[in-house]
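[1] here is a sequence with its predicted model. Questions after.
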Amino acid sequence: MLPRYFLLVVLAPLLYLKVSGGENNDGNTQSSPSEEGAEFCTKGDCPRGSAVVPGDEETPERRRGRGHGRPFGSHREPAGAVTALPYMISPQDFHQHFVAKHRPLLFKGGAKHWPALTLWDEEYLKQHFNTQQDGNQNKAKELNPDMKKDVMLPTCLRCEEMFSQSFTTQLHTGTGEDRLHIDTQENLLVVLRGPRTVLLVSPLHSNDVYADEAEVLGVSPVDVNSVDMDKYPRVADVQYQQAELEEGDLLYVPQLWWRQVRPDPGRQQAVSIRWSSKPASKQAQDTNKQAQGTKEQPQEQSLLSQELKTAGNPDRKYSYGQWLAAHELWVQNVTSV
């Protein structure tokens, strides 16, 4: 039996180290956050990997702190990755489960068999199509009939209803950053050269990306390279999905969804295939105005009329951001029936 004083001598230093926090490998004493440190952390200024302290909940103020002066998306983690499939699906499944419901979808390797993927280098485009890539500018050019022979209509679009439509097919080249913008049509983005990251934002967040303050309709005024959270504080509320695209991938971007394409350094090439599946916003707006003068409105028009009064800023006489949000709610309500 060891003497009691011996146990006290041995255990006392260990107890002290446990209570005080001990020392780290560098010999520096570790301690719990002070009140000042805890207050500092709850404002969103904790370094990455810091322990969570009481009251350390996620707030718009914290997100603004993280995102200010940094690229768009830095204010929070993605709400989720875009659904990705390693195979093609039928036109019926594509329309029913994704297009009709405005659900983005990534087809991995869906264009690997395209001749354009192997043929379209800069010299080939210059010789065969008189197409030259200039500097670092982002350019979009409609494909001529000869160029369309090197691209193939994806299986998910090969149905009788789609063949009766006119597709818009454009070649995108350049190395610059893309602005946060929308298209009024459905869009399949096909990557031919250079991987890229695409951020997608639902139209429900149109007021949060300041759609009404844009100099060009459908292009957010927010600088995606360095977000000014003081000027655009509502960006902190934006949730987004993220997709990582490699050469040969196809990304479905729903109509009127905001997107930012973030390419890797180097020359970029992509083809976009656009088509119409629902009324564009102007057409739908005119239809809605006509329907408001009738006693009975079709269900989808009635829902849209109701949402227009409540979505976004109800005090604004007309708001493009409000309209975009209401249109998305209309789509979701109709497809949920």
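    Sure, I can see it. Numbering: from 1, shown residues only.
[2] how is this protein partitioned into domains?
    Listed domain ranges for the chain are 80-275, 281-336 (source: automatic domain parsing).
[3] can you flag the weakest of those domains by average pLDDT?
    Looking at the domains of the chain, the lowest mean pLDDT belongs to domain 281-336 (a mean of 59).
[4] so who does the nearest residue to Pro115 once chain neighbours are set aside touch?
    Among residues not flanking Pro115 along the chain, Asp150 sits closest, at 4.3 Å (C-beta to C-beta, 6 or more residues apart in numbering). Glycine gets a C-beta too; all of them are placed from N, C-alpha and C. Asp150 sits next to 114-116, 119-120 when contact means C-beta atoms under 8 Å, 6 or more residues apart in numbering.
[5] can we see that at 10 Å?
    By C-beta atoms under 10 Å, 6 or more residues apart in numbering, the residues touching Asp150 are 114-120, 124, 128-129, 143, 192, 271.
[6] what's the answer for His97, then?
    Per C-beta under 10 Å, 6+ apart, neighbours of His97: 83, 89, 103, 105, 335.
[7] what's the local residue count around the first one?
    Applying other C-beta atoms under 10 Å, we find 14 residues neighbouring Thr83.
[8] hey, what's it bridged with?
    Beta-bridge pairing for Thr83 (DSSP bridges): Leu105.
[9] doesn't Phe98 make contact with it?
    Yes: counting by C-beta atoms under 10 Å, Thr83 touches Phe98, with 8.0 Å between them.
[10] so what sits against both of those two?
    Taking C-beta under 10 Å, 6+ apart as the contact rule, the neighbours common to Thr83 and Phe98 are 104-105, 252.
[11] so which of those is the closest to Asp178?
    Comparing these against Asp178 with C-beta to C-beta places Pro104 closest, at 16.0 Å.
[12] ok, which stretches of the protein are helices?
    For the chain, applying DSSP state H gives helices covering 4-20, 35-40, 60-67, 91-94, 115-119, 122-129, 145-148, 160-163, 281-291, 299-310, 320-336.
[13] list the buried ones in the fourth one?
    Going by neighbour count (16 or more other C-beta atoms under 10 Å), the buried part of helix 91-94 is 91, 94.
[14] let's number from 27 now, not from 1
    Sounds good: first residue 27 from here, last item helix 117-120.
[15] which strands or helices does it pack on?
    helix 186-189 (3 or more C-beta pairs under 10 Å, 6 or more residues apart in numbering; DSSP states H and E).
[16] give me the buried positions along stretch 213-228.
    Quick answer for stretch 213-228 (16+ other C-beta under 10 Å): 213-220, 222, 224-228.
[17] what residues does the closest residue to Asp256 other than its chain neighbours make contact with?
    Distance criterion C-beta to C-beta, 6+ apart; nearest residue to Asp256, sequence neighbours excluded, is His94 at 7.1 Å. Neighbouring residues of His94 by C-beta under 10 Å, 6+ apart: 100-101, 252-259, 261-262.
[18] let's go with 8 Å and repeat that
    Residues in contact with His94 (C-beta under 8 Å, 6+ apart) are 253-256.
[19] need those in a markdown table (columns: distance to Ala351).
    Putting the contacts of His94 into a markdown table (distance: C-beta to C-beta, whole Å) gives the following:
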| residue | distance to Ala351 |
| --- | --- |
| Val253 | 21 |
| Asp254 | 23 |
| Met255 | 21 |
| Asp256 | 24 |
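[20] can you flag the buried ones in those?
    By 16+ other C-beta under 10 Å, the contacts of His94 give 253, 255 as buried.
[21] may I see the buried residues of stretch 248-263?
    Under the neighbour-count criterion of 16+ other C-beta under 10 Å, stretch 248-263 has 248-250, 253, 255, 258-259, 261-262 buried.
[22] and the contacts of it?
    86-87, 89-91, 93-98, 100-102, 203-206, 231, 233-236, 247, 286, 288.
[23] ok, now stretch 144-159?
    Contacts for stretch 144-159 (C-beta under 8 Å, 6+ apart): 165, 167, 170, 172-173, 176, 197, 199-200, 218-219, 293, 295.
[24] ok, which stretches of the stretch 227-363 of the chain are strands?
    267-271, 276-279, 284-289, 294-301 (DSSP state E, counting those that start in this stretch).
[25] just to revisit the earlier point, ok, the shared contacts of Thr109 and Phe124 vs Glu270, which is closest?
    For the shared contacts of Thr109 and Phe124, the nearest to Glu270 is Pro130 (12.7 Å; C-beta to C-beta).
[26] contacts only, for that closest one.
    Neighbour list for Pro130: 108-109, 124, 226, 267, 269, 277-280, 283 [criterion: C-beta under 8 Å, 6+ apart].
[27] got a ChimeraX select line for the buried ones in the residues you listed?
    With 16+ other C-beta under 10 Å as the burial test, the buried ones among those are selected in ChimeraX as follows:
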select :108,124,226,267,269,277,278,279,280,283
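[28] output the contacts of Pro130 in TSV, with distance to Ser345 appended to each entry.
    Formatted as TSV, the contacts of Pro130 follow (distance: C-beta to C-beta, whole Å):
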residue	distance to Ser345
Val108	28
Thr109	31
Phe124	28
Leu226	22
Gln267	24
Ala269	29
Leu277	29
Tyr278	27
Val279	23
Pro280	21
Trp283	18
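[29] thank you, goodbye.
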